[in-house]
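1. Let's see this in three dimensions:
(4 chains)
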Number of protein chains: 4
Amino acid sequence: MSRIPVAILGATGAVGQRFVQLLADHPWFEIAALAASERSAGRAFREVAKWVIPGDPPPGLGEMPVQPLEPDLPARLVFSALPGNVAAEVEPVFARAGYAVCSNASAYRQAPDVPLIIPELNADHVGMIPDQRASQGWPGLIVTSPNCTTTGICIPLKALDEAFGARQVAAVSMQAISGAGYPGVPSLDILGNVIPYIGGEEEKIEEETRLLLGRMQGGRRVKAEVVISAQANRVPVLDGHTVCLSVGFESQPTVEEAVAALAGFRGPEVVRGLPSAPERPILVRAEPDRPQPRRDRDAGRGMAVTVGRVRRCPLLHLRLVSVSHNTVRGAAGGSILNAELLVASGYVGESGSR
Amino acid sequence: MSRIPVAILGATGAVGQRFVQLLADHPWFEIAALAASERSAGRAFREVAKWVIPGDPPPGLGEMPVQPLEPDLPARLVFSALPGNVAAEVEPVFARAGYAVCSNASAYRQAPDVPLIIPELNADHVGMIPDQRASQGWPGLIVTSPNCTTTGICIPLKALDEAFGARQVAAVSMQAISGAGYPGVPSLDILGNVIPYIGGEEEKIEEETRLLLGRMQGGRRVKAEVVISAQANRVPVLDGHTVCLSVGFESQPTVEEAVAALAGFRGPEVVRGLPSAPERPILVRAEPDRPQPRRDRDAGRGMAVTVGRVRRCPLLHLRLVSVSHNTVRGAAGGSILNAELLVASGYVGESGSR
Amino acid sequence: MSRIPVAILGATGAVGQRFVQLLADHPWFEIAALAASERSAGRAFREVAKWVIPGDPPPGLGEMPVQPLEPDLPARLVFSALPGNVAAEVEPVFARAGYAVCSNASAYRQAPDVPLIIPELNADHVGMIPDQRASQGWPGLIVTSPNCTTTGICIPLKALDEAFGARQVAAVSMQAISGAGYPGVPSLDILGNVIPYIGGEEEKIEEETRLLLGRMQGGRRVKAEVVISAQANRVPVLDGHTVCLSVGFESQPTVEEAVAALAGFRGPEVVRGLPSAPERPILVRAEPDRPQPRRDRDAGRGMAVTVGRVRRCPLLHLRLVSVSHNTVRGAAGGSILNAELLVASGYVGESGSR
Amino acid sequence: MSRIPVAILGATGAVGQRFVQLLADHPWFEIAALAASERSAGRAFREVAKWVIPGDPPPGLGEMPVQPLEPDLPARLVFSALPGNVAAEVEPVFARAGYAVCSNASAYRQAPDVPLIIPELNADHVGMIPDQRASQGWPGLIVTSPNCTTTGICIPLKALDEAFGARQVAAVSMQAISGAGYPGVPSLDILGNVIPYIGGEEEKIEEETRLLLGRMQGGRRVKAEVVISAQANRVPVLDGHTVCLSVGFESQPTVEEAVAALAGFRGPEVVRGLPSAPERPILVRAEPDRPQPRRDRDAGRGMAVTVGRVRRCPLLHLRLVSVSHNTVRGAAGGSILNAELLVASGYVGESGSR
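-> Alright, predicted model coming up:
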């Protein structure tokens, strides 16, 4: 099959650059356009994007002229790495014009008719799309991927929830600086320091978790009733979010049962063959001092979550630590996997949108 | 009053150096001897102690010859910064020889007849000393100060416990590298990384908390029954431990009541005039992004704990963040304050030990 | 004597905050006004200055309302921590209105009638002031302090130049992030990285060195003819600039002679009693691995330069390493010392300007 | 052709691990044995090597039992990542037993009959081997690769030397912590700091440069007469050494000519097809703020040196900045390239050693 032409909205930012990097050699998608704000439009990508990823932009793309955020891009599928306020305006314009929008922005993550998806967890939430199209009158669609920290929490949480019924969660994150974009966190604030606050992050984690673990019922999404308390911290780490979790269950598992549930988790059949899906969504490490963000963030090419220190908790039932790559699995890679799911589910393709 | 001659056991290590620094100009105590392992004995302090604190050893002390760990030091009070296994052997030898031992080592912190003290919290635990002397037959005594992370947790926890009855605690720490001593943590492990594990730390935090919050009853210490779950992490911060806390209470306070209890906490009368006691043991900050270890660790000359982000918790009742200086309040400074308490309580002095 | 009222222009930035901190308890000067751009004017200092120095603004000053950059401040002396382009406009306005301006900005450092001063090096350059006033028609005056990196190079270089005649200098700097102000260097750029470029820095170092080492001749400043090559790098260090120097001399010294010249350097008599002058401008360390920015930047309360590794150079004559505190000696502290020199020299005071 | 069995001496250390990583999929070589000190021998590699590289040991190798450093390994070629003092004893034993030893240790780098080789620079120094064998009576051989920092200096220096005759060099390095091995640099020393000293490094750089740039004359190596001054610093960077260079030439080039010589450098024909040889040994970047260690160390899979900021020098002729990967090109990768050169030159192979 010939590759599907895609565009990246907000291509010049830190997450936009990850999209560019990850899509450069994608077997199903081909970058047909890079779009960004007025200020950048018309200039070569290389000139307007201060490349913050090691190395250089992929060959050929550095010279591609950046286009404005207008819905006349030569693509059927667009990835959105836009800031929340810009996404709020621009994404519906594209959906209305018939594009499938796979968004990593926060603007519509909590909208009642927009699926928030991690394919291994809730691929069936694509079932919300027909209602979305009907109610909005869009030939296109919007699908979102969750906040980067939510991702590292919910992938192992889902594996445990499926097996034992998660009821209570305490989550304390130690988040990498790349999560704040570029220029993002001033070095004077974070060098040799911890900042115990990330605006809006805790609320996102708490609400998005309830959506991701929610179930479809009669074509509608019903939120999960898990009680979750999140505390978000910024630490001087380049990439990779670490989260300390305590979880209480409906049915208390042993440590061995929990490890088996985590290591054996695969997600639904439809996800397994997708090009960006890691062989195993969750890797469980046995060493006492793992996972670590610098050493484990690239597991499964950045798409696997690494879990360790699974042990009893004196307060709830179990404690564990999770590390995930915040700009791959937790951002661009997550949205690309969503796009692959849309293709596999028939929402994008020959007879899909556009 | 002429100053009381004191000695430092384990003076050459990272915590030993903090003792040297903090005692150099102490109004009550005078450094009469620096002692360390055989290997260092007989050589000048400057030669054997690789000074890891900014600047230089205090004037005069650099040339002091290091003495062996034998109980013939020209002092009545000794501070122990020894490694746990060495402390286990050496500290009782000194107590038996009549010295008052103020230890920062872990060896006897959990021993049933050894007080574990933070003066503002449980100064009355010095009441265990008569029993200790009687049962051990020591003319001297051993008093311990808690683990550095326990300290930053228990000072605010005590303020809240006194007012509202703490019942459940979830604590996740982000600990500075200086807590591991020198050479301590290899830079290849921690630069741009988080290590979600510190051997033995979580168990210490959990058990020491129950001792510190315990109450005296008929001359005996009764452990507190608070349920606590600790998760310990190492982060690339030089000094200053940060802890994210969730706390459940017998009687749920509002955020305002909790802030008032924290900011108003003073500890018992006996502590207030001690030279190393900070004006306020707990400082409460209102900014959303404080406390931070680099910016708040030196509050109250490193002896105050800074607390912030006091807010509701969806899981337990309240969440908050605490920062304390791990080698000052959490180590050398804490032991010095204990020694001051012993003097004020009459356990060391003209007619005290030795 | 009652303290001289002073104002700080650009008080809210990173260097402005250092001025506030260092002047808070100054024996000669009293902060009478804090001024900044329109945007901040009228609001409390605490609100508009994101305090980036550990701890808090000095008591009382947090509530002081920030004033606009207009020459009606209740002061005779103003310190300028303004950005270069703002300083270029604002500083002459204040000089014209009769204020003595002690500037840390780059705007007029290289102007032919403006003295660029480090008191221990070239206090006699205040002799340029009468000509400045005459040619500009100013009742006030402008005196500047050099770039932070120039400072750490020129203090030891002057000691060697006086003794042996410096002719050639190769200087490679490793500069702290605080030198770039706030927000300054993005953490995504500098964490675990080196940036081998600081815009305009090398040119400043090269030209300012020739001015600082210049001599007064008939009331005019004659530039030094030293040949200097500078390479400037940013490294992940909070405060403290490190410079590796190679120097060639008219008369080649031995290492011992060079160390004696450095350690014995005092600067002119007029400087020695000034409140901010360190006892010794240069400290020489003998350890093979010193000076280090984190351990030596605070020497002499941040006003001394620490030098080490003085050794033969196969290419020029000598190599050495210098560390200085870039926001104290290299910025605010340097300008305050200049102001003290102006007072001691009679340019500011009862009958001075204003 | 079937792959040549190789062994790694000192496989468990930081550089040894890089050898393991880089040889895991090598087209010509196959890891047949991992050897290390007595202490590790007999145990599985995974157990004794604390893996400090991201991710895990290559599949299969984790379980390989570690062998002692005895010359009965099932290999013809051995790579040495041994500490200098161990290498001094062990490497000749292997050469005497007929092995070709490609060493990254410093023990024999400066020995008069041992070639020190970077293939693109001085592949012809393999011509020293026949004399080595004759004089030592070895059926095997020893070839060494230079110090990591020397490598990053000499590759661009050779390109310039060939074209314009390098006569004087001032080199100031900013070296990554991985250059010190594991556990290596304590984090308490390097976090937020610079250490302006690395024991023995400056002497190595200065002497090795003269050997690498030396020429073969009548089967003998004649040292280059370039005058070089090196200053070595440790900075808080994980991997990648940065060097600021000033160079004086016999024939002064323009900046454009220098850039052309650097970018056009290829090295001798024999090197070009080797599996580990990068397409271009030197990449020249035009951005003002490159090269940077974190962003450029992986260029050419860690085997290319990235150069930038080529500009006039007021003191010598040209200044430039070089970044190279210290554990790939500067250590394991460099030795592997040497081994490939030995194969291509006929010193190892069917009729080669063993």
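2. Identify the bridge partners of A:Arg234.
-> A:Gln175, A:Ile195 (DSSP bridges).
3. And A:Val6, how close does it get to B:Leu341?
-> Applying Cβ to Cβ, to the nearest Å, one obtains 69 Å for the distance of A:Val6 from B:Leu341. For the C-beta atoms, the positions are set from N, CA and C on the backbone; glycine is no exception.
4. just A:Arg290 next, same as before
-> Distance of A:Arg290 to B:Leu341, computed by Cβ to Cβ: 42 Å.
5. tell me the contacts of A:Thr150?
-> By Cβ atoms under 8 Å, 6 or more residues apart in numbering or on different chains, the residues touching A:Thr150 are A:Lys204, A:Ile205, A:Glu208, A:Thr209, A:Leu212.
6. Minimum distance to chain D, which residue of chain A gives it?
-> Closest contact between chain A and chain D, by Cβ to the nearest Cβ, is at A:Gly192 (4.6 Å).
7. can I assume that residue is in contact with B:Arg295?
-> No. Counting by Cβ atoms under 8 Å, B:Arg295 is not a contact partner of A:Gly192; they are 10.5 Å apart.
8. Now the common contact residues for those two.
-> Overlap between the contact sets of A:Gly192 and B:Arg295, as judged by Cβ under 8 Å, 6+ apart, is nil.
9. Return the per-residue confidence for the residue of chain A closest to chain D.
-> Looking at A:Gly192, its pLDDT is 98.
10. Could you do A:Arg354 as well?
-> You'll see A:Arg354 listed with a pLDDT of 49.
11. who's in contact with the lowest-mean-pLDDT helix or strand in chain A?
-> Least confident helix or strand, chain A: helix A:45-48 with a mean of 92, by mean pLDDT, DSSP states H and E. Residues from elsewhere that reach helix A:45-48, judged by Cβ under 8 Å, 6+ apart: A:11-12, A:20, A:34, A:36, A:39-40, A:57, A:61-66.
12. possible to save the residues you listed as TSV with neighbour count, secondary structure and distance to D:Ser80?
-> Below are the contacts of helix A:45-48 laid out as TSV (neighbours: other Cβ atoms under 10 Å in any protein chain shown; DSSP: H, G, I helix; E, B strand; the rest coil; distance: Cβ to Cβ, whole Å):
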residue	neighbour count	secondary structure	distance to D:Ser80
A:Ala11	27	coil	47
A:Thr12	24	coil	47
A:Val20	26	helix	42
A:Leu34	27	strand	48
A:Ala36	25	coil	51
A:Arg39	11	coil	55
A:Ser40	22	coil	52
A:Pro57	20	coil	39
A:Leu61	20	helix	42
A:Gly62	15	helix	41
A:Glu63	11	helix	45
A:Met64	17	coil	47
A:Pro65	14	strand	52
A:Val66	23	strand	51
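13. ok, so of the residues you listed, who is nearest chain C?
-> A:Thr12 (14.2 Å).
14. need the strands for the stretch 151-300 of chain A, in chain order.
-> Under the criterion DSSP state E, counting those that start in this stretch, strands of the stretch 151-300 of chain A are mapped to A:166-175, A:215-217, A:220-222, A:227-234, A:241-249, A:282-284.
15. just to revisit the earlier point, now the contacts of A:Thr150 in CSV, with distance to D:Val185?
-> Output for the contacts of A:Thr150, formatted as CSV (distance: Cβ to Cβ, whole Å):
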residue, distance to D:Val185
A:Lys204, 38
A:Ile205, 36
A:Glu208, 40
A:Thr209, 40
A:Leu212, 42
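16. Filter the residues you listed down to the buried ones, ChimeraX style.
-> To isolate the buried ones among the contacts of A:Thr150 in ChimeraX, judged by 16 or more other Cβ atoms under 10 Å in any protein chain shown, type:
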select /A:204,205,208,209,212
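17. Correct me if wrong: A:Pro268 contacts A:Asp124.
-> Yes. Applying Cβ under 8 Å, one finds A:Pro268 in contact with A:Asp124, separated by 7.3 Å.
18. Comparing the two, which residue is more hemmed in?
-> A:Asp124 (16 against 13; other Cβ atoms under 10 Å in any protein chain shown).
19. Secondary structure of the more buried one: a helix, I assume?
-> Yes. Judged by DSSP: H, G, I helix; E, B strand; the rest coil, A:Asp124 forms part of a helix.
20. quick one: contacts for it?
-> Counted by Cβ under 8 Å, 6+ apart, A:Asp124 has contacts A:Met216, A:Pro268.
21. So it versus chain B, what's the distance?
-> Distance check for A:Asp124 against chain B: by Cβ to the nearest Cβ, to the nearest Å, it reads 27 Å.
22. Against A:Ala304, how distant is that residue?
-> According to Cβ to Cβ, A:Asp124 stands 22 Å off from A:Ala304.
23. what does chain A put close to chain D?
-> Within chain A, the positions adjacent to chain D are A:Pro54, A:Gly55, A:Leu191, A:Gly192, A:Leu238, A:Arg294, A:Arg295, A:Asp296, A:Arg297, A:Asp298, A:Ala299 by Cβ under 8 Å from any Cβ of the partner chain.
24. Tabulate the CA atom coordinates of the longest helix anywhere in chain A in PDB.
-> Ranked by residue count and defined by DSSP state H, the top helix of chain A is helix A:148-164. Output of helix A:148-164 as PDB, limited to C-alpha atoms (Å, rounded to 0.1, in the frame of the first residue of the first chain):
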ATOM      1  CA  CYS A 148       2.700  12.200  29.400                       C
ATOM      2  CA  THR A 149       2.600  11.400  33.100                       C
ATOM      3  CA  THR A 150      -0.900   9.900  32.900                       C
ATOM      4  CA  THR A 151       0.500   7.500  30.300                       C
ATOM      5  CA  GLY A 152       3.200   6.100  32.500                       C
ATOM      6  CA  ILE A 153       0.700   5.700  35.300                       C
ATOM      7  CA  CYS A 154      -2.200   4.200  33.400                       C
ATOM      8  CA  ILE A 155      -0.400   1.500  31.400                       C
ATOM      9  CA  PRO A 156       0.700  -0.500  34.400                       C
ATOM     10  CA  LEU A 157      -2.500   0.500  36.300                       C
ATOM     11  CA  LYS A 158      -4.700  -1.000  33.600                       C
ATOM     12  CA  ALA A 159      -2.800  -4.300  33.700                       C
ATOM     13  CA  LEU A 160      -3.500  -4.400  37.400                       C
ATOM     14  CA  ASP A 161      -7.000  -3.100  37.100                       C
ATOM     15  CA  GLU A 162      -8.000  -5.800  34.600                       C
ATOM     16  CA  ALA A 163      -6.700  -8.500  36.900                       C
ATOM     17  CA  PHE A 164      -7.500  -7.200  40.400                       C
END
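25. that older thread, quick one: least confident of the residues of chain A next to chain D?
-> Among the residues of chain A next to chain D, A:Gly55 has the weakest pLDDT, 80.
26. That one and D:Arg294 touch, don't they?
-> No. Shown here, A:Gly55 and D:Arg294 do not form a contact pair, counting by Cβ under 8 Å, at 10.5 Å.
27. quick one, which of those two is more surrounded?
-> Higher neighbour count among A:Gly55 and D:Arg294: D:Arg294, with 23 against 12, using other Cβ under 10 Å.
28. Provide a list of residues in contact with the residue nearest to the more buried one when sequence neighbours are not counted.
-> In space, D:Arg294 comes closest to C:Asn193 once its chain neighbours are excluded; the distance is 4.0 Å by Cβ to Cβ, 6 or more residues apart in numbering or on different chains. Contact analysis of C:Asn193 by Cβ under 8 Å, 6+ apart lists C:Pro236, D:Val237, D:Gln292, D:Pro293, D:Arg294, D:Arg295.
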